[in-house]
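Engineer: got a predicted structure plus its sequence, pasted below:
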Amino acid sequence: MTTGLPAINGDRLWSSLMEMAKIGATAKGGVCRLTLTDLDKQGRELLIDWAAGVGCAHEYDAIGNLFLKRPGRDNALDPVMTGSHLDSQPTGGKFDGVFGVLAGLEVFRTLEEHGLATQAPLELTVWTNEEGSRFSPPMLGSGVFTETFALDWAYGIKDDAGIRVGDELARHGWIGNAIGNHPVAAYFEAHIEQGPVLEAESKTIGVVKGAQGQRWFEITVLGQEAHAGPTPMAMRKDALVCASRIVQAVNAMGFEHAPHACTTCGLIKVIPGSRNVIPGNVWFTVDMRHPDDAELAAMAGELHDVSTRIGQEQKCAVQIDPFWEFHATPFDRGCIDLVRQGADAWGYAHMDIISGAGHDAVYMAGKVPTGMIFVPCENGISHNEMENAKSEDLAAGCQVLLHAVCGKAGLAG
Ligand SMILES: [Zn+2]
């Protein structure tokens with residue numbers, strides 16, 4: 001098929017990405033732009049400036065999600081939305097999230113440059129706190145927008161310094177429109193894959209069919225603190241030894257449920273944390289993922305069984321607390337088809353793929369027709385200062401985004 005759509009400007013997209021990457025740039029070539037910090041504000045202000053240059057007004061909602069609005073021919077129609085996030089991990093890269101935002105901006109710039117209007121209005125959205133590293137849980141802005149999380153609960157979340165989300169939003173002047181009355185016709189998000197599959201398969205575009213289910217747990221192991229010298233090995237209740245065996249079991253479970261399961265223990269605290277004291281209390285996290293909810297539920301059951309057994313063997317009490325979860329989420333058939341058609345129309349090698357990471361699109365998919373476009377990243381590395389992607393792949397992803405957004409919004413004749 002022919003699209004009748006112009007080519008996006010890949011060089012302009014790349015230079016915008018490099019310009020944004022200067023805000024919070026790290027010595028190792030990455031980005032540290034934590035959510036709701038002054039750097040986050042600088043990034044958003046740069047974007048607002050750029051969007052104003054193509055005639056877009058901006059507004060916030062009550063959780064500080066930023067909306068840049070490009071009017072359509074018929075503004076009574078619900079807007080077609082695209083976006084992602086500008087916040088990063090503490091040692092994050094230049095592309096995670098930012099690509100989706102600036103690809104959306106490049107779509108607007110291309111339409112403007114060619115004097116093209118869409119029937120429905122378009123909106124470019126920057127979601128608050130996608131990363132979840134400063135304030136947990138992740139995807140907080142899209143979670144509140146879709147009413148997955150209550151606004152007041154979100155306001156009360158604190159960072160390690162005790163600063164509340166609500167206070168940071170107020171400090172920046174980002175508490176805007178009430179939640180719950182913002183119509184959306186469809187949502188598209190372009191993102192780097194954050195995994196190695198597209199590169200290994202020599203594909204430029206991942207047509208994302210949906211997202212894995214995830215379950216996060218916190219595990220507390222209680223043993224007994226004791227002196228590292230006088231306490232014989234056989235008489236110890238060493239909470240760290242017990243925890244380390246559970247960590248091994250969690251890792252083994254990921255292999256047992258291959259090829260689609262992923263299991264990770266990523267954060268651990270040892271109390272009292274002294275080199276000559278047998279640890280009495282260990283707290284750690286478990287992240288389990290699988291595209292099939294039934295399989296994921298089975299894995300959660302196994303986690304309980306294996307932890308209980310290891311706790312008994314090690315004479316420690318083990319408590320497992322569910323922290324966060326969401327179901328495996330299929331995306332909208334029509335949106336998936338538009339992404340695939342866009343890749344075909346522009347001659348990009350593509351494949352269907354399931355998202356292994358959480359994205360704002362996953363919450364949106366529960367409310368509105370949603371699609372995602374993945375492009376490869378170098379060696380599949382993300383959440384890392386080394387994160388890298390090819391300019392031509394990013395341009396291809398942006399081109400497909402233009403196709404999908406215009407396909408949904410309709411080009412005005
Ligand atoms: Zn991201």
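Structural biologist: Now that the structure is in, tell me what you want to look at.

Engineer: does residue 180 touch residue 147 like I think?
Structural biologist: Yes: here residue 180 reaches residue 147: they are 6.2 Å apart, a contact under CB atoms under 8 Å. Where you see a C-beta, it was placed from the backbone N, CA and C, and this is true even at glycine.

Engineer: which strands and helices sit next to the strand or helix carrying residue 49?
Structural biologist: Assigning secondary structure by DSSP states H and E places residue 49 in helix 38-52. Under the contact definition 3 or more CB pairs under 8 Å, 6 or more residues apart in numbering; DSSP states H and E, helix 38-52 sits against helix 10-20, strand 57-60, strand 66-70, helix 98-113, strand 122-126.

Engineer: as JSON lines, the ones you listed with distance to residue 392 and mean pLDDT would be great.
Structural biologist: Below are the helices and strands packed on helix 38-52 laid out as JSON lines (distance: least, CB to CB, whole Å; pLDDT from 0 to 100):
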{"stretch": "helix 10-20", "distance to residue 392": "7", "mean pLDDT": "98"}
{"stretch": "strand 57-60", "distance to residue 392": "30", "mean pLDDT": "98"}
{"stretch": "strand 66-70", "distance to residue 392": "26", "mean pLDDT": "98"}
{"stretch": "helix 98-113", "distance to residue 392": "13", "mean pLDDT": "98"}
{"stretch": "strand 122-126", "distance to residue 392": "23", "mean pLDDT": "98"}
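
Engineer: run me through the strand neighbours of the worst-scoring helix or strand of the chain on mean pLDDT, direction for each.
Structural biologist: Lowest mean confidence among the helices and strands of the chain (mean pLDDT, DSSP states H and E): strand 329-330, at a mean of 90. As defined by DSSP bridges, the strand partners of strand 329-330 come to strand 205-211 (antiparallel).

Engineer: now do the partner strand, average pLDDT.
Structural biologist: Average pLDDT, strand 205-211: 95.

Engineer: return the distance of the residue of the stretch 301-413 of the chain found nearest the ion relative to residue 137.
Structural biologist: Closest to the ion within the stretch 301-413 of the chain is residue 359: 6.1 Å, counting by CB to the ion. For residue 359, the distance to residue 137 (CB to CB, to the nearest Å) stands at 13 Å.

Engineer: more crowded one of the two?
Structural biologist: The neighbour comparison of residue 359 against residue 137 (other CB atoms under 10 Å) goes to residue 359, with 27 against 17.

Engineer: what are the phi and psi angles of that one?
Structural biologist: phi -140, psi 160 (degrees, to the nearest 10).

Engineer: isn't it right up against residue 191?
Structural biologist: Yes: using CB under 8 Å, residue 359 makes contact with residue 191 at a distance of 6.2 Å.

Engineer: which neighbours do these two share?
Structural biologist: 84, 372 (CB atoms under 8 Å, 6 or more residues apart in numbering).

Engineer: next one: phi and psi at the residue of the chain found nearest the ion?
Structural biologist: Using CB to the ion, residue 97 is the residue of the chain that sits closest to the ion, at 3.9 Å. Main-chain dihedrals, residue 97, degrees, to the nearest 10: phi 80, psi -50.

Engineer: can you report how many residues lie near it?
Structural biologist: Neighbours of residue 97 under the rule other CB under 10 Å: 28.

Engineer: quick one: name the residues of the stretch 51-200 of the chain near the ion.
Structural biologist: 96, 97 (CB under 5 Å from the ion).

Engineer: and the helices in the stretch 51-200 of the chain?
Structural biologist: Along the stretch 51-200 of the chain, counting by DSSP state H, counting those that start in this stretch, helices occupy 98-113, 140-145, 151-155, 165-172, 197-200.

Engineer: from the centroid of this structure, which residue is nearest?
Structural biologist: Among the residues of the chain, the one closest to the centroid is residue 359, at 3.5 Å (CA atoms, centre = their mean).

Engineer: for that one, what are its contacts?
Structural biologist: Contacts of residue 359 (CB under 8 Å, 6+ apart): 84, 130, 139, 189, 191, 211, 372.

Engineer: touching, the first one and residue 360? I think so.
Structural biologist: It stands for residue 84. Yes: taking contacts as CB under 8 Å, residue 84 lies within contact range of residue 360: 6.6 Å.

Engineer: what touches both of those two?
Structural biologist: Taking CB under 8 Å, 6+ apart as the contact rule, residue 84 and residue 360 both touch 127, 130, 189.

Engineer: count of neighbours near the residue nearest to the second one when sequence neighbours are not counted?
Structural biologist: Among residues not flanking residue 130 along the chain, residue 85 sits closest, at 3.4 Å (CB to CB, 6 or more residues apart in numbering). For residue 85, the neighbour count with other CB under 10 Å is 29.

Engineer: try residue 181
Structural biologist: Residue 181 has 7 neighbours, counted by other CB under 10 Å.

Engineer: pLDDT wise, what is it at?
Structural biologist: 91.

Engineer: now the terminal residues of stretch 265-281, how far apart.
Structural biologist: 16 Å (CA to CA, to the nearest Å).
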